[in-house]
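Peer 1: here is the input, now give the coordinates:
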Amino acid sequence: ILRLPGFRRAMADGQWGASLRKTLALFSFHLLSASAFPRAQSKCGHVAPKLFRGRGFVNLRRDGQGVLRDTRHFPKRGGLRAIGKGVQEKPIKYLDHATTYEIAEKALDAMDHYFATDNANVHRGAHALAARATEGYEGARAKIAQLINANEPQEVVFTRSATEAINLLASTWGDKNINEGDEIILSVQEHHSNILPWQHLARRKKAKITYIGLNRDYEYDLNQLREALSEKTKLVGICHASNVLGTLNPIPEITSMAREFGAVTLIDAAQTMSRSVVDVKSLGCDFLVGSGHKMMGPMGIGFLWGEYKLLEEMPPWQGGGEMIDEVFLERSTYALPPGRFEAGTPAIAESIGIGAAVDVLVEIGPENVLEKERELGCRLFERLSTIPNLHILGGPKGRLGVCSFTCDKFSDPKKFAEKILMKGFRVASGFHEAEPLHPYLGATQGSVRVSFKIGDRPEDVDAFVDAIRNLCE
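Peer 2: Here you go, the predicted model:
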């Protein structure tokens, strides 16, 4: 503790005799700040010089032998280095970006700056710290609105995650608009977060849920949707891209068909905010959710976008500060959206972090991101398809840099993933929070999933495929 820079400064300034509370606060600050976790000098993975040079992605330092060393930059991962089981000093490449995307250095810097210079609450206080915090918080909202082509920033509601955003929607819009006998249409591709909130609502309201399957090409079955839609359909929910299949769904066609029956549409864009172009006007949806840690931002922050007229008609969800207009002992009135849905002190630093991540996405260009994703996804699918005993979940069309598969030699996906780790690649295994889809595709034990990021190169795909071939043949 005494060797921390903050404590040396405190003693030099005569602060050592201050209250215990101040001392502990100073200690806590330095544990959480960049001074406790020195940042490595980093560069973005090089794909195209004009697009990606110096974009500020976080990477680990390499020593003289090229081995990745722990710089304490990713304390969650503990350093990307394999130890034990016969593998010594072998670099590990992180290929699990569909679970959590690599955070942009600009996002870390923006959060550090907030904690170091402001660290005040938003929408309250006339002092400069509160004003700067509010400016950063609301600025992040405006950046998200611009990225997804929303009409106005007030259509963006901050939440803890995409999961919380869907729960908010089910508990407000759903509770008000879905009644006994009404129908909700989802798909077998959905993440659990876009299934369970609607199951809870349907059970409570005695509504019905219908699930749309896949056609012979492993694509969303539009014919099934056409047959399922009726005047009783109140909501159609669909992921922009499956986190298992790694393929884009035909959202404009889905939303257009739903609109013919007066149904509201919800798009789960958690997987595509950093992999594709997300434009709410082009998609034609009514609601859309996203997640910070899947779009180069921090954990603990997500958002719900909705057309303002729909948000305005929704009742409050949680009670507390900020979501009110006036409070009396007998009754209360509520703020307009988005404040109505943001009770209490929000995740200010995380909001500023996601705003900085949006800056990076805009700088690269969503169209460039999508082009690179398609290149990596196509190469990955084609090369994995040549491996004997390997079965890819899903088809070739609309591929992004995400792919799930099984191997006849490994009945347990976890054991398969452990073998892949020994080859130098960190991947996901199991059901990936999409358990219903796996038995639907015959993968009853789950699958292994690899997911690349912007900045990865074709050579990275080839190296991974070579490792899988060696294990499966």
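Peer 1: quick check, Ala270 in contact with Glu190.
Peer 2: No - the criterion here is CB atoms under 8 Å, and Ala270 misses it with Glu190 at 11.0 Å. The way it works is simple: take the backbone N, C-alpha and C, and place the C-beta from them, glycine included.
Peer 1: shared neighbours, the two?
Peer 2: Common neighbours of Ala270 and Glu190, using CB atoms under 8 Å, 6 or more residues apart in numbering, are Cys239.
Peer 1: more neighbours: the two, which one.
Peer 2: For Ala270 versus Glu190, neighbours defined as other CB atoms under 10 Å are more numerous around Ala270 (29 against 24).
Peer 1: gap between that one and Arg379?
Peer 2: Ala270 is 24 Å from Arg379, where distance means CB to CB, to the nearest Å.
Peer 1: again with Pro316
Peer 2: 48 Å.
Peer 1: show me the helices in the stretch 151-300 of the chain, by range?
Peer 2: For the stretch 151-300 of the chain, helices defined by DSSP state H, counting those that start in this stretch occupy the ranges 162-169, 175-177, 196-205, 222-228, 251-260, 280-283.
Peer 1: list the buried residues for the shortest one?
Peer 2: For helix 175-177, the buried set under the neighbour-count rule, 16 or more other CB atoms under 10 Å, comprises Asp175.
Peer 1: give me the contacts around that helix.
Peer 2: Helix 175-177 has contacts (CB under 8 Å, 6+ apart) with Leu201, Lys205, Lys234, Val264, Glu313, Met314, Pro315.
Peer 1: low-confidence ranges, the stretch 1-150 of the chain, go.
Peer 2: By pLDDT under 70, the low-scoring segments of the stretch 1-150 of the chain are 1-90.
Peer 1: mind putting the contacts of helix 175-177 in a markdown table, neighbour count included?
Peer 2: Below are the contacts of helix 175-177 laid out as a markdown table (neighbours: other CB atoms under 10 Å):
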| residue | neighbour count |
| --- | --- |
| Leu201 | 22 |
| Lys205 | 18 |
| Lys234 | 21 |
| Val264 | 23 |
| Glu313 | 14 |
| Met314 | 21 |
| Pro315 | 12 |
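Peer 1: now, which of those sits nearest Leu390?
Peer 2: Nearest to Leu390 out of those is Leu201 (CB to CB; 39.4 Å).
Peer 1: what residues are up against the closest one?
Peer 2: Applying CB under 8 Å, 6+ apart, the residues near Leu201 are Ala170, Ser171, Gly174, Asp175, Ile178, Ile184, Ala207.
Peer 1: one more time with 6 Å, if that's ok
Peer 2: Ala170, Gly174 (CB atoms under 6 Å, 6 or more residues apart in numbering).
Peer 1: now Ser291. Nearest residue, chain neighbours left out?
Peer 2: Distances taken as CB to CB, 6 or more residues apart in numbering place Ala162 nearest to Ser291, at 4.0 Å, with adjacent residues excluded.
Peer 1: how much space separates the most centrally placed residue in the chain from His240?
Peer 2: Among the residues of the chain, Lys294 comes closest to the average C-alpha position under CA atoms, centre = their mean, at 2.7 Å. Lys294 is 11 Å from His240, where distance means CB to CB.
Peer 1: what is the burial count for Lys309?
Peer 2: By other CB under 10 Å, 10 other residues sit near Lys309.
Peer 1: could you number the chain from 609 rather than 1 from now on?
Peer 2: Done: numbering now begins at 609, and the last item shifts to Lys917.
Peer 1: phi, psi for it please.
Peer 2: Backbone torsions for Lys917, taken as degrees, to the nearest 10, come to phi -60, psi -30.
Peer 1: for it, report the pLDDT, please.
Peer 2: Per-residue confidence (pLDDT) for Lys917: 98.
Peer 1: repeat for the one 4 residues further on
Peer 2: As summarised for this prediction, Glu921 has a pLDDT of 97.
Peer 1: which residues are in contact with it?
Peer 2: Applying CB under 6 Å, 6+ apart, we find Glu921 in contact with no residue.
Peer 1: give me that answer again for 8 Å
Peer 2: By CB under 8 Å, 6+ apart, Glu921 lies in contact with Trp781, Lys784.
Peer 1: what's it sitting at in phi/psi?
Peer 2: According to degrees, to the nearest 10, Glu921 has phi -90, psi -10.
Peer 1: and the gap between it and Thr742?
Peer 2: Using CB to CB, we find Glu921 at a distance of 27 Å from Thr742.
Peer 1: can you check Tyr722 too?
Peer 2: Distance, Tyr722 to Thr742, by CB to CB: 12 Å.
Peer 1: for Glu1043, same thing?
Peer 2: 42 Å.
Peer 1: name the element Gly733 belongs to?
Peer 2: For Gly733, there is no host helix or strand (DSSP states H and E).
Peer 1: tell me the backbone dihedrals of the nearest residue to it once chain neighbours are set aside, please.
Peer 2: Spatial nearest neighbour of Gly733, chain neighbours left out: Ala739 (7.8 Å); criterion: CB to CB, 6+ apart. Backbone torsions of Ala739, given as degrees, to the nearest 10, read phi -60, psi -40.
Peer 1: run a quick neighbour tally on Ala739.
Peer 2: Here the count is done by other CB under 10 Å, and Ala739 has 14 residues near it.
Peer 1: equivalent analysis for the one 3 residues further on, please.
Peer 2: The local packing of Thr742 (other CB under 10 Å) involves 18 other residues.
Peer 1: dump the residue contacts of it.
Peer 2: If you count contacts by CB under 8 Å, 6+ apart, Thr742 has them with Val730, His731.
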